[in-house]
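In: Predicted structure and sequence below. I'll ask about it afterward.
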Amino acid sequence: MSEFVNVYFRDMTEKEFNDFSEEEIRSYAEELIKSGYRKLKITALKASRKEYEETFPQGYNTPENYFYVIQNSEKEDVGKIFYQTHYEKKDVAFITEFVIKEEHRNKGYGKSALKKVAEDAREKGYKKMGLNVFLHNKISYPMYLKDGYKIIEEIEGNAIMEKDL
């Protein structure tokens, strides 16, 4: 299989955003625990919910956010990706969510979605793309390095990464 496959983005609906957000808050809390950031599940869940609410203070209607469903060439939903204008650096598009459904992993969708989201951000005028990844994530972290992302900061088991567009 080639490294890149065709992927398409469609705008996510508000209902899809709300449903996905609840799943991601729980998932992120579990990742916080794995990273050693938070020891107690209840604390991690509160921290996850607080961070989500800070990232998306107006939910689906938060300005300067782009919410996409990733589809394959058969128009089947294979994942989701969100990005927004970085809160401090207005020329940086920051990926806030990126998930490929488990049954669609290792098929090139992740690499192709990264390429497509970079093109989308470049077309909107951004100069760099950033993201945060848990260092214990043995799939995503190496993929980001291979895609040209560089670590600009490490905090409590996380890497903040950026690349030029």
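Out: Arrived safely, thanks for sending.
In: Count the neighbours of Tyr126 for me.
Out: Neighbours of Tyr126 under the rule other Cβ atoms under 10 Å: 21. Bear in mind the C-beta positions are built from the backbone N, C-alpha and C, glycine included.
In: Now for the residue nearest to it when sequence neighbours are not counted: which residues touch it?
Out: The spatial neighbour of Tyr126 that comes closest, neighbours along the chain excluded (Cβ to Cβ, 6 or more residues apart in numbering), is Ala93 at 4.0 Å. The contact partners of Ala93, by Cβ atoms under 8 Å, 6 or more residues apart in numbering, come to 83-86, 117, 121, 124, 126, 128-130, 165.
In: filter these to the buried ones?
Out: Buried by 16 or more other Cβ atoms under 10 Å: 83-86, 117, 121, 126, 128-130, 165, out of the contacts of Ala93.
In: In strands only, show me the residues you listed.
Out: Among the buried ones among the contacts of Ala93, the members found in strands (DSSP state E) are 83-85, 128-130.
In: Now do the lengthiest helix in the chain: everything it contacts.
Out: In the chain, assigned by DSSP state H, the helix with the most residues is helix 14-35. With Cβ under 8 Å, 6+ apart as the test, helix 14-35 has contacts from 12, 38-39, 41, 44-45, 47-49, 51-52, 56, 59-61, 67, 69, 80, 97, 99, 134-137, 156-158.
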